[in-house]
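Chemist: From the sequence below, what's the structure:
(3 chains)
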Amino acid sequence: MGIVTPGFTGRRRSDVNLPPGQYLTEDFPVLSAGPTPRIPLDAWEFVIVTETGQKHTWSWPQLMAMPSEDVTVDIHCVTKWSKLGTRWRGVPVSAFFDEVETAADFAMAVSYGGYTTNVPLDDLLDGQAWVAYKFDDDDLAPEHGGPARLVVPHLYFWKSAKWVRGLRMMLEDEPGFWETAGYHDYGDPWREQRYQGD
Amino acid sequence: MTFADTTFTDGNALAGPLRELFALEMTSADGRCATCGRTGPVADLRVYGHENGPGLVARCPGCEEIVLRLVVTPERVWLDLRGLVSLAVIR
Amino acid sequence: MSRLAWRVAYLREVRDETPSARTLVLDVPGWPGHLPGQHVDVRLTAPDGYSAQRSYSIASAADGDAVELTVQRVPDGEVSSYLAGAYAVGDPVELRGPVGGWFVWRSGDPAPVLLVAGGSGVVPLMSMVRARAAAGSRMPFRLVYSARTPDDVMYAEELKRRALSDRGLDVSYVYTRRAPDGHGRPAGRLTAVDLAEWGWPPEFEPAVFVCGPTGFVEAAADLLVDAGHDPRRIKTERFGPTGG
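Modeler: The predicted structure follows:
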């Protein structure tokens, strides 16, 4: 730890029950790895590709026709900020898998712009993940991953792929964008699994 | 799909982290992009994620593809140079 | 060269530059000196271990253990609001540097120099102006400084003085929101005409340094290239979207 800077507290509080090493924020920081993609809705699609190469595709109108949920969740970023009570509207990922046959245990979430992140299939089902298109009653803004992003709140928020365009099912786990650059393959904030080897 | 952005900084922001890793000054090094072949100083790369990202992502100002990535964890510095064909560093 | 380590610096003195920016005069024991244009990384750590890091350009010419940084308060900026606010004389701060070898002017460089500053981008360029004077250089320097209003001009008195007393230095101002009465140029963004009038012509093959928020640098560099300046002679330093 560096020397303490007298009088510096930063912009967050740590007086609530958060995962280890996290700090509460009221902002919603935008973290980027590249330029913000702008995807017209008439070109947008969500594609699940199974381990056998079978493709299942949903267009934006099809996404809108699927059952959606309004959820309020806490999110935890590996850069140490946590934001409590965030509100989203989205389609549970389980709803897509009603139509998909797969023996795979893992998925690579793939985004417009090239971002990827790996998540076990079990962590995407059973009310744990959504393809979200509204934040706080507004359409999801491009800088926050709009038109649609993955939201997987029980894992560090880098797993909640912005600008999600689909899932590639994998029989074996494979590291995605940040996982190949030092970040943990699973990423449980409550066990503080930030980095490879944690 | 189109991109529109000025949220990046440039390779000058890599000076500190790279100076922790390398004995020579790296921002004036010439790098060749593995995607488009453009050659230019590391200082001219478009750098995303400075100040608040999980890591630094440096992209080619010509083709926007990733040239290098740098992540600093408590125990290691991770450096991904796949996007570079070569780096010519001034001695 | 040895490993670059974090050092502890102490605040010796503070100078207000504008209502939202102040210069920190730091005492850095063992400072190895620096070249004009280089920067430092500053790290702040709260008592609970939370830490934040930002880069700041060095504003001063090399001068023993003294290093000056000019910090612009950025809206919602947790580091800048501390450094330009609560940070008090005598208090420590951690910094790493000097770093940066590209965006640097050396007094032996043989070309005339064009400095184009957008807002707080004037900071590293001021280091070059000061180093030029300290070296007794007569190399022709032109600074084109874009600021929102006269109240946002950093180093205002010093630049006025140097424009008169530093031989071969010209300083001109482009105001984007409000120009002073009698300025002769209405408020508005930097244009090709401004650079043609207040900068060096491309035939002089100047060394060009452009610094400021990313949007400003992209626009100014495009104007310079369109005017015929060799892109390889234009060095840029982007401060990110907010320019803080």
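Chemist: thinking A:Gly145 is in contact with A:Trp158, fair?
Modeler: No: if you go by C-beta atoms under 8 Å, A:Gly145 and A:Trp158 don't touch, sitting 11.7 Å apart. Bear in mind the C-beta positions are built from the backbone N, C-alpha and C, glycine included.
Chemist: does any part of the lowest-mean-pLDDT helix or strand in chain A sit near chain C?
Modeler: The helix or strand of chain A with the poorest confidence is strand A:23-24; it has a mean of 90 (mean pLDDT, DSSP states H and E). Yes: part of strand A:23-24 sits near chain C under the criterion C-beta under 8 Å from any C-beta of the partner chain, namely A:Tyr23.
Chemist: Same question for stretch A:76-92.
Modeler: Yes: residues of stretch A:76-92 contacting chain C under C-beta under 8 Å from any C-beta: A:Lys80.
Chemist: can you give me the offset of that stretch from its chain's centre?
Modeler: Put simply, stretch A:76-92 sits 9 Å off its chain's centre (C-alpha atoms, centre = their mean, to the nearest Å).
Chemist: got the phi/psi numbers for the most far-flung residue of chain C relative to its centre?
Modeler: Ranked by distance from the centre of chain C (C-alpha atoms, centre = their mean), the top residue is C:Asp48, with 33.0 Å. Note on C:Asp48: backbone dihedrals following degrees, to the nearest 10 are phi -90, psi 10.
Chemist: Kindly report the same for C:Asp194.
Modeler: According to degrees, to the nearest 10, C:Asp194 has phi -60, psi -50.
Chemist: Could you find the closest non-adjacent residue to it?
Modeler: C:Val174 (5.3 Å; C-beta to C-beta, 6 or more residues apart in numbering or on different chains).
Chemist: Identify each buried residue in whatever helix or strand that neighbour lives in, please.
Modeler: Following DSSP states H and E, the helix or strand that holds C:Val174 is strand C:169-175. When burial is assessed from 16 or more other C-beta atoms under 10 Å in any protein chain shown, strand C:169-175 yields the following buried residues: C:Leu169, C:Val171, C:Tyr173, C:Val174, C:Tyr175.
Chemist: Chain A contacts on chain B?
Modeler: B:1-5, B:7-8, B:48-49, B:52-55, B:57, B:59, B:64, B:66, B:69, B:71, B:73-76, B:78, B:80.
Chemist: So which of the residues you listed belong to strands?
Modeler: Applying DSSP state E to the residues of chain B next to chain A, the entries found in strands are B:Thr2, B:Phe3, B:Tyr48, B:Val57, B:Arg59, B:Ile66, B:Arg69, B:Val71, B:Trp78, B:Asp80.
Chemist: Greatest separation within the residues you listed: which pair is it?
Modeler: Maximum pairwise distance in these, criterion C-beta to C-beta, is 30.8 Å, between B:Thr2 and B:Trp78.
Chemist: neighbour-wise, which of these two wins?
Modeler: B:Trp78 (17 against 9; other C-beta atoms under 10 Å in any protein chain shown).
Chemist: neighbours around the residue lying closest to C:Ser107 once chain neighbours are set aside, how many?
Modeler: Spatial nearest neighbour of C:Ser107, excluding adjacent residues (C-beta to C-beta, 6+ apart): C:Ala135 at 4.2 Å. By other C-beta under 10 Å, the residues close to C:Ala135 number 14.
Chemist: Please read off the pLDDT at the residue positioned nearest the centre of chain A from the model.
Modeler: What sits nearest the mean C-alpha location of chain A, by C-alpha atoms, centre = their mean, is A:Ser160, with 0.5 Å. Reported pLDDT at A:Ser160 in the predicted model: 98.
Chemist: still on that earlier bit, please report the distance of the residue nearest to C:Ser107 from chain B.
Modeler: C:Ala135 sits 21 Å away from chain B, going by C-beta to the nearest C-beta, to the nearest Å.
Chemist: do the same with A:Tyr133
Modeler: Note on A:Tyr133: its distance to chain B, by C-beta to the nearest C-beta, is 17 Å.
Chemist: if I pick that residue, what's in contact with it?
Modeler: A:Leu63, A:Arg89, A:Gly90, A:Asp139, A:Leu140, A:Gly146, A:Pro147, A:Ala148 (C-beta atoms under 8 Å, 6 or more residues apart in numbering or on different chains).
Chemist: what about the closest residue to it other than its chain neighbours, neighbour count?
Modeler: Once flanking residues are discounted, A:Tyr133 sits nearest to A:Ala148: 4.5 Å by C-beta to C-beta, 6+ apart. Around A:Ala148 there are 27 other residues, counting by other C-beta under 10 Å.
Chemist: Phi and psi next, for A:Ala148.
Modeler: phi -150, psi 140.
Chemist: wait, what's in contact with it?
Modeler: A:Trp44, A:Phe46, A:Leu63, A:Gly90, A:Val131, A:Ala132, A:Tyr133, A:Leu140, A:Trp163, A:Val164.
Chemist: Can you tell me how far the closest residue to the last one other than its chain neighbours is from C:Asp181?
Modeler: With C-beta to C-beta, 6+ apart as the measure, A:Leu150 is the residue that lies nearest to A:Val164, at 4.6 Å, once sequence neighbours are left out. As defined by C-beta to C-beta, to the nearest Å, A:Leu150 lies at a distance of 56 Å from C:Asp181.
Chemist: now swap in A:Thr79 and tell me
Modeler: With C-beta to C-beta as the criterion, A:Thr79 and C:Asp181 are 48 Å apart.
Chemist: more neighbours, those two?
Modeler: Per other C-beta under 10 Å, whichever of A:Thr79 and C:Asp181 has more neighbours is A:Thr79, with 19 against 4.
Chemist: any idea how far C:Ser127 is from that one?
Modeler: A:Thr79 is 31 Å from C:Ser127, by C-beta to C-beta.
Chemist: Stretch C:127-135: how far from the chain's middle?
Modeler: For stretch C:127-135, the separation from the chain centroid amounts to 12 Å (computed by C-alpha atoms, centre = their mean).
Chemist: can you check stretch C:96-111 too?
Modeler: 13 Å.
Chemist: Next, the buried residues of it.
Modeler: C:Arg96, C:Gly97, C:Pro98, C:Val99, C:Gly100, C:Gly101, C:Trp102, C:Phe103, C:Val104, C:Trp105.
Chemist: most centrally placed residue in chain C?
Modeler: C:Val123 (1.6 Å).
Chemist: The helix or strand where it lies: what's the following helix or strand?
Modeler: Per DSSP H and E, C:Val123 falls inside helix C:122-134. Counting by DSSP H and E, the element after helix C:122-134 in chain order, helix or strand, is strand C:141-147.
Chemist: ok, that following strand: who's next to it in the sheet?
Modeler: strand C:113-118 (parallel), strand C:169-175 (parallel) (DSSP bridges).
Chemist: May I see those organised as a markdown table, with mean pLDDT and distance to C:Cys211 added?
Modeler: Shown next, in a markdown table, are these (pLDDT from 0 to 100; distance: least, C-beta to C-beta, whole Å):
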| stretch | mean pLDDT | distance to C:Cys211 |
| --- | --- | --- |
| strand C:113-118 | 98 | 6 |
| strand C:169-175 | 98 | 14 |
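Chemist: For the ones you listed, give me TSV that also has distance to C:Ser146.
Modeler: Converted to TSV, those look like this (distance: least, C-beta to C-beta, whole Å):
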stretch	distance to C:Ser146
strand C:113-118	5
strand C:169-175	4
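Chemist: closest to C:Lys235 out of these?
Modeler: So among the strands paired with strand C:141-147, strand C:113-118 is nearest, using C-beta to C-beta, at 10.4 Å.
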